[in-house]
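[1] Sequence and predicted model, in that order:
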Amino acid sequence: MSEQPSCIDISHWQGFPDFTEVRKAGVVAMIHKATEGTSYIDPNRATNINRAMQAGIACCTYHWLSPGNAVEQMAHYIKTIDPVPGARMVIDYEEDGCTLSDLKEAVQALLYDPRSLQVTVYSGHLLKEQLGDKYDGYLAETTDLWLAQYTTREPSWPDGTYPTYTLWQYSETGKINGIDDAHVDLNRFNGSDRELVDWINPARRAPQPQSDQVSIDITVPDNVELKISINGNPLVIGDR
């Protein structure tokens, strides 16, 4: 498995990387821990994301979900990040004691936000054990999967709900230039680097507002009567 991934995920445990070197190593996207529970905020998140973006690395964040109080936890996450419309938000679903009800409440809380947030679920054995081969329509229709499984072979996942994974965390012991004295989680995107950047930062693809003015240039012979309707309403044209 390549040790030069396009996407990494980090937290305060990786300190303050040299993101110029990280970008030179081929990393185009980063996911940073933001919050945990109802009060914890990662102290390095703001600085690291600002520096990573300056180095040309696309960024988004994740929240470590604890059992219970899912709505309050998502309120804490949203308040901390203050996401732009269309931003990607990730729920880290791996702590023992978390239930599918906790996860769905968290997803629903993010989707209830009026900013049209995009929701990804990060998980490994916990989600696979709880979902098995079952199809969960709510998760299938509202989220995609960031899979954690450390293997040199093809991974397995709860494909009854997720036909495929979107991102795969295949190692927790990676080494990346610019991140010293700490292992790094390495991830592989199920697509191209360009698609990865668009997925990490879907808000940058927001459509441009359409013009409220339409200009039409029509040339007709002098002996031809011109009749025009706009949205079904006849437009009166002055004598030519």
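    Looks like it arrived, so ask away. Residues are numbered from 1 along each chain as shown.
[2] doesn't residue 81 make contact with residue 113?
    No - in this structure residue 113 lies outside contact range of residue 81 using Cβ atoms under 8 Å: 10.6 Å. C-beta here means a position set from N, CA and C on the backbone, and glycine is covered the same way.
[3] So between these two, which is more surrounded?
    residue 81 (20 against 15; other Cβ atoms under 10 Å).
[4] wait, isn't that one in contact with residue 33?
    No - Residue 81 lies out of contact with residue 33 (Cβ under 8 Å); the separation is 11.4 Å.
[5] which neighbours do these two share?
    residue 61 (Cβ atoms under 8 Å, 6 or more residues apart in numbering).
[6] Could you tell me what pLDDT the model assigned to the residue most central in space within the chain?
    Nearest to the mean C-alpha position of the chain, counting by Cα atoms, centre = their mean, stands residue 88 at 3.1 Å. We have a pLDDT of 98 for residue 88.
[7] Likewise for residue 238?
    Listed pLDDT for residue 238 reads 47.
[8] same check, this time on residue 141
    The model's pLDDT for residue 141 equals 98.
[9] do the same with residue 80
    97.
[10] Return the set of buried residues in the helix or strand harbouring it.
    When elements are assigned from DSSP states H and E, residue 80 belongs to helix 70-81. Buried positions in helix 70-81, judged by neighbour count with 16 or more other Cβ atoms under 10 Å: 70, 73, 74, 76, 77, 78, 80, 81.
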